[in-house]
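Novice: Okay, structure incoming, though there's no sequence with it:
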């Protein structure tokens, strides 16, 4: 039995996704086309990118692919990049984040330890466990969520995790 398995992966993914959804909620919809610098993704594009962030894992792991040699990654990413260009309202993006996040977490709950321990050969000949690869989905989302938290600051929005910490500090000071 793995000390960190499917149950923990699903729980961690839900926590990360709920924090992303809170950021998406806190950013005003009229700022969804804001980008931090020329040539970078807009808030809308980042949120869409996050929503589809588990698609690679869902293409590779349920099919039990054992090698990525020959996997057409540019074609796969091209389809996701096309999704990022589609105009979606804030409500549509929130629904997409919820539904794709729930679908991935639900799939994770059914993965057994043997599957998580399986190795997958990368294009360069190295291998990684499915557990490592699946944890990368959460890490990727947290990377982009960090970008969104900086964007929140640039837009004058105090990130919810900062607000929660400030509330805890104020409560401790009062006690």
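Specialist: It's in. Because the structure is predicted, anything quoted here is derived from the model rather than measured. Numbers count the residues shown, from 1 in each chain.
Novice: Compute the distance between residue 54 and residue 168, please.
Specialist: The gap separating residue 54 from residue 168 is 31 Å, by Cβ to Cβ, to the nearest Å. For every residue, glycine as well, the C-beta is placed using N, CA and C.
Novice: Which stretches in the chain count as strands?
Specialist: All strands of the chain, identified by DSSP state E, fall at 119-121, 127-129.
Novice: any idea how far the first one is from the chain center?
Specialist: Read that as strand 119-121. Computed by Cα atoms, centre = their mean, to the nearest Å, the separation of strand 119-121 from the middle of its chain amounts to 22 Å.
Novice: quick one: buried residues of that strand?
Specialist: Buried residues in strand 119-121, defined by neighbour count with 16 or more other Cβ atoms under 10 Å: residue 120.
Novice: got the contact list for the spatially most central residue of the chain?
Specialist: Central residue of the chain (Cα atoms, centre = their mean): residue 141, 3.0 Å from the mean position. Applying Cβ atoms under 8 Å, 6 or more residues apart in numbering to residue 141 gives the contacts 16, 17, 20, 50, 53.
Novice: Looking at neighbours, which among these is most surrounded?
Specialist: Neighbour counts for those, by other Cβ atoms under 10 Å, peak at residue 50, which reaches 28 neighbours.
Novice: Please name the residues that touch that residue.
Specialist: By Cβ under 8 Å, 6+ apart, the residues touching residue 50 are 20, 97, 141, 144, 145.
Novice: I'd like the list of those that fall within helices, please.
Specialist: When DSSP state H is applied, the contacts of residue 50 are split such that 20, 97, 141, 144, 145 fall in helices.
Novice: Which residues are in contact with the spatially closest residue to residue 127 that is not a sequence neighbour?
Specialist: Counting by Cβ to Cβ, 6 or more residues apart in numbering, residue 127 lies nearest to residue 119, which is 4.3 Å off, once chain neighbours are set aside. Applying Cβ under 8 Å, 6+ apart to residue 119 gives the contacts 66, 127, 128, 129, 130.
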